[in-house]
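**Q** here is a sequence together with a model predicted from it:
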Amino acid sequence: MTIQRICKKDDVPVGSMKQFDLKESEFLVVNTGERFYCLEARCTHAGAPLAEGDLDGDILTCPWHYSQFRVSDGSVVRGPANNPLNVYDITVRDGQLFIELNETRPELLID
């Protein structure tokens, strides 16, 4: 695993979400007010940009076909999506957010 800084804590206010690009991958950082989460940024159903969706507590709704995902574990709450979102471990340190990236996907690593 490699730890990578993704953004400042203040970049994602409580109750919001924001997409960040690292190399050729897109990540969605969510701040529920209780904690931060990091997920893949595209819906597993049709590739919609989830940052344009709605967040209600810990439920994220896709803007295109209204699939719903639980941000804490990426699970599908309501289809049409069948596959869960990938979730990345996120840590807050010194006002910065860091995610863990799997070294088996070198395209996610930043020099």
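**A** Everything's here; your move. Residues are numbered from 1 along each chain as shown.
**Q** going forward, measure contacts and count neighbours with C-alpha atoms only.
**A** Noted.
**Q** from residue 2, how far off is the residue nearest to residue 8 when sequence neighbours are not counted?
**A** In space, and not counting its chain neighbours, residue 8 is closest to residue 96: 4.3 Å by CA to CA, 6 or more residues apart in numbering. Residue 96 is 16 Å from residue 2, where distance means CA to CA, to the nearest Å.
**Q** next one: residue 11
**A** Residue 11 is 22 Å from residue 2, by CA to CA.
**Q** over to residue 91?
**A** Distance check for residue 91 against residue 2: by CA to CA, it reads 12 Å.
**Q** quickly find the element holding the nearest residue to residue 3 once chain neighbours are set aside.
**A** Spatially, and ignoring its direct neighbours in sequence, residue 3 is nearest to residue 100 (4.6 Å; CA to CA, 6+ apart). Per DSSP states H and E: residue 100 is located in strand 96-101.
**Q** pull out the buried residues from that strand.
**A** 97, 98, 99, 100, 101 (16 or more other CA atoms under 10 Å).
**Q** ok, the third one - contacts?
**A** Right, the one you point to is residue 99. Residue 99 is in contact with 3, 4, 5, 6, 38, 88, 89, 90, 91, counting by CA atoms under 8 Å, 6 or more residues apart in numbering.
**Q** let me know the closest of the residues you listed to residue 50.
**A** Taking CA to CA as the measure, residue 50 lies nearest residue 38 of the contacts of residue 99, at 11.9 Å.
**Q** pull the contacting residues for the closest one.
**A** Taking CA under 8 Å, 6+ apart as the test, what residue 38 contacts is 27, 28, 29, 30, 71, 87, 88, 89, 90, 99.
**Q** how about it: which residues does it bridge to?
**A** Residue 38 forms beta bridges with residue 29, residue 88, as assigned by DSSP bridges.
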